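Enquirer: task: produce atomic coordinates for the following.
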Amino acid sequence: MTQSAEPAATAAVGQAAFPENILHEGELVVLALKPSPWFVLLTSRAVIALAVIVLVAAYLAQRVLEFDVHVQAVQLVCAAAVLLRALVACFQWVGRLYLLTNVRVMRIHGVLHADVAQCRLRAVSRTVVAASGGERLLGVGGLLFESDQGGDGDVAWLHIAKPEEIQQVVEQTIRRAG
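Expert: Numbering: from 1, shown residues only. Predicted structure coming up:
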């Protein structure tokens, strides 16, 4: 992409992707991204694990301990819980956006009301990629921003695809802002 084409592409992304008046005058979007679609599964994993444990316990209680357990009812309740959590995670995914501008780094989330956490690039002392074993298998991770001065809130980009590549872009932008 040429230097002259970059602002036009940024403006098109900017108008469609994030709330009005989020950018200050002269601020340009360098990178706008959403979490990986794996976000839905990763944020729902505790409910999924609990549902599996309950299902196994119900099955064992019926088969091994010979208790009168209605396994089909337990399956239905567990499936409903997992589907409800996945639906909530889908809404969370839709309402989450990570922005890197030439001045600051931001995390915007919320479906009805945007909650913005931000940190000026000059205040970022270090970026750290963090990923659990499961996240590494899926090719996702988090990018954490450490700041000596602090920001308006914690700024962390969670469950992003290719976090090491994103970290390089962020660090280049921090050096340019520097």
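Enquirer: next SSE after the helix or strand harbouring Gln92?
Expert: Using DSSP states H and E, Gln92 maps to helix 71-94. Using DSSP H and E, the helix or strand that follows helix 71-94 towards the C-terminus is strand 96-101.
Enquirer: counting contacts, what elements does that next one pack onto?
Expert: strand 29-33, strand 104-109, helix 163-177 (3 or more C-beta pairs under 8 Å, 6 or more residues apart in numbering; DSSP states H and E). C-beta here means a position set from N, CA and C on the backbone, and glycine is covered the same way.
Enquirer: tell me the angle it makes with strand 29-33.
Expert: Counting by axes from the mean of the first three to the mean of the last three C-alpha atoms, to 10 degrees, strand 96-101 lies at 160 degrees to strand 29-33.
Enquirer: need the helices and strands packed on strand 96-101 in a markdown table with mean pLDDT, can you?
Expert: Formatted as a markdown table, these follow (pLDDT from 0 to 100):
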| stretch | mean pLDDT |
| --- | --- |
| strand 29-33 | 91 |
| strand 104-109 | 90 |
| helix 163-177 | 93 |
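Enquirer: quick revisit: list the buried residues of the helix holding Gln92.
Expert: By neighbour count on 16 or more other C-beta atoms under 10 Å, the buried set for helix 71-94 is Val74, Cys78, Ala81, Val82, Arg85, Ala89, Gln92, Trp93.
Enquirer: secondary structure element holding Leu112?
Expert: Applying DSSP H and E, one finds Leu112 in no helix or strand.
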